[in-house]
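Q: Generate coordinates for the sequence data below:
(one chain, ligands or ions: 1)
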Amino acid sequence: MPTSADYDVIIVGGGIAGSTAGYLLTKLGIKTLIVDKALFPRKKLCGGMITLKSLHLIKKIFGETYSSLKEKNIISYATKDFEINFRMANGVISNTEYPFIFVDRTVYDNFLLQKAKDIGTDVLEGQKIKSIDIDECKVVLFDKKSDGTLDEESEGRIFEADFLIGADGVNSIVRREFYRKGLFKRKDWERNVATTVETFIDRKDLEKGTFLHPIMSMGIIKYGFAWMFPNKEKLVVGLGGLTRKNRGNFVNALDDWVSLLNLNSKPIEKEGHLLHYGIPRIKPVYDGKIFLIGDAGGFVCPLTGEGIYLAKKTAELVATSIYNNLIDKKSIEKAYLWNLKKIVLPEIKSAKRLRFLCFGVGRLFNYKLLKILVKRLTKSFIEVSQGQRSFKWLKKRNFDLLEFAK
Ligand SMILES: Cc1cc2nc3c(=O)[nH]c(=O)nc-3n(C[C@H](O)[C@H](O)[C@H](O)COP(=O)(O)OP(=O)(O)OC[C@H]3O[C@@H](n4cnc5c(N)ncnc54)[C@H](O)[C@@H]3O)c2cc1C
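A: Numbering: from 1, shown residues only. Have a look, this model is predicted:
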């Protein structure tokens, strides 16, 4: 059992961001502990789409390739065909050079956490955090009784480290400490929150040979879109959009989407989750020693909702910033913020502009404008949404449309 004060870094959350940061830090010789409240393999609501840039990063960090991931059954499904439409009409059905890749997050997240464990990262699973002190870089965990249940009366076990990383998702308790200190306003975060709802359809309930390619559909939800992502054993059917633009209409909208797909022969179970869907207005560092990465810092593409790549990328940036400047907290803070500014934020800002064009201006013209854009620029759009190209590239290439949407 790990004991306190033995760690250079404590990571709260062992999802994609946490396990990637844990893996890299341990590999670099930094003693790291990951604490997660869930027992893995654990469920995570997600479309499970992995882009090409995400795949490149998996290779760079973990040495895993498309073929090795397929061999290990980590990739559940891949196809080069896709469809973008408007309420299942007026769509574009096409194919691409590189496939759309889908994973089951239960399997994928467990695989990455196992990688961190295998390299020597200490991991505490099923551990509830009693409190966090970001001034002292300290977390207190509830003790467990002999029967495995939490001892809510106990003083708790204290773990201290030089650095603390908040990788605990959209409802981050580490970020909550930033609010408490008045480091940023909660309403700046809430303005940019999207609500997502998903359901899963077992392939056994479908006719064989149907629903073989992903479908993205507009006009079902405002400032967002609906999706049907195929997996080997199931379909992931969901939608998400900015919460403030949709007045709690998400569950009805999912029923609408399911019936447009003709999948409503059986009652469906729906699950919801929040997602940050805008430019992160928060400084994700406190005092050179507390860092927010992944969903905890709001690092999600504000057009496509892609967060898997940014969870890994921000984890990589924080791990290398710590390693390169281990003895100087100010330099670590500077390095992380600089890298975010140079690598991560420009893409998020361009995506946000394109979103305005697609969902804001597009909706005013009943998506006719979007239809023209998609038809004219299908290849470019897909190359960007798959991560083959950057939003910066799209901006340069396409008549400065993004400048127009500034
Ligand atoms: C419906 C939906 C569909 C999506 N589809 C896609 C997609 O197709 N492609 C894509 O790239 N992205 C997608 N995303 C975004 C993507 O899921 C997230 O960006 C990604 O999971 C972020 O990873 P993370 O590690 O930062 O957070 P998470 O995956 O949320 O992991 C956080 C971890 O922290 C743990 N934790 C939380 N609180 C505590 C606590 N108090 N103490 C200890 N541990 C704690 C949790 O148990 C969890 O394991 C989707 C999101 C949603 C909601």
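Q: my read: Ile308 touches Ile50, true?
A: Yes: using CB atoms under 8 Å, Ile308 is in contact with Ile50, at 6.2 Å. (Each C-beta comes from the backbone N, C-alpha and C, glycine too.)
Q: Quick one: list the elements packing against the helix or strand harbouring Val140.
A: For Val140, the host element (DSSP states H and E) is strand 138-141. Judged by 3 or more CB pairs under 8 Å, 6 or more residues apart in numbering; DSSP states H and E, the packing partners of strand 138-141 are strand 129-133, strand 157-160.
Q: ok, the last one near the ligand or not?
A: Pointing back at strand 157-160 there. No: using CB under 6 Å from any ligand atom, strand 157-160 never reaches the ligand; the gap is at least 12.0 Å.
Q: Direction included, what does the helix or strand following that strand pair up with?
A: Going down the chain from strand 157-160, the next helix or strand is strand 163-166, by DSSP H and E. According to DSSP bridges, strand 163-166 has the following sheet partners: strand 9-12 (parallel), strand 290-292 (parallel).
Q: Single out the most deeply packed of the helices and strands packed on strand 138-141.
A: Stretch with highest mean neighbour count among these: strand 157-160 (a mean of 18; mean count of other CB atoms under 10 Å).
Q: could I get the helices and strands packed on strand 138-141 as TSV with distance to Leu57?
A: Shown next, in TSV, are those (distance: least, CB to CB, whole Å):
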stretch	distance to Leu57
strand 129-133	28
strand 157-160	29
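Q: right, so of those strands, which gets closest to Ile293?
A: strand 129-133 (15.5 Å; CB to CB).
Q: how far out from the middle of the chain is that closest one?
A: Taking CA atoms, centre = their mean, to the nearest Å, the mean C-alpha location of strand 129-133 is offset from the chain mean by 24 Å.
Q: distance of Lys232 from Lys43?
A: 17 Å (CB to CB, to the nearest Å).
Q: can you check Gly148 too?
A: With distances taken as CB to CB, Gly148 is found 20 Å from Lys43.
Q: Look up the closest residue to the residue of the stretch 101-250 of the chain found nearest the ligand, ignoring the ones flanking it.
A: Closest contact between the stretch 101-250 of the chain and the ligand, by CB to the nearest ligand atom, is at Gly169 (2.9 Å). Closest residue to Gly169 apart from its sequence neighbours, by CB to CB, 6 or more residues apart in numbering: Asp295 at 4.7 Å.
Q: buried stuff in stretch 158-172?
A: 158-170, 172 (16 or more other CB atoms under 10 Å).
Q: And for stretch 287-296?
A: Buried residues in stretch 287-296 (16+ other CB under 10 Å): 288-296.
Q: just stretch 83-96 next, same as before
A: Neighbour count says stretch 83-96 has 84-86, 88, 91-92, 96 buried, by 16+ other CB under 10 Å.
Q: Wait, a helix at Lys312?
A: Yes: counting by DSSP: H, G, I helix; E, B strand; the rest coil, Lys312 is located in a helix.
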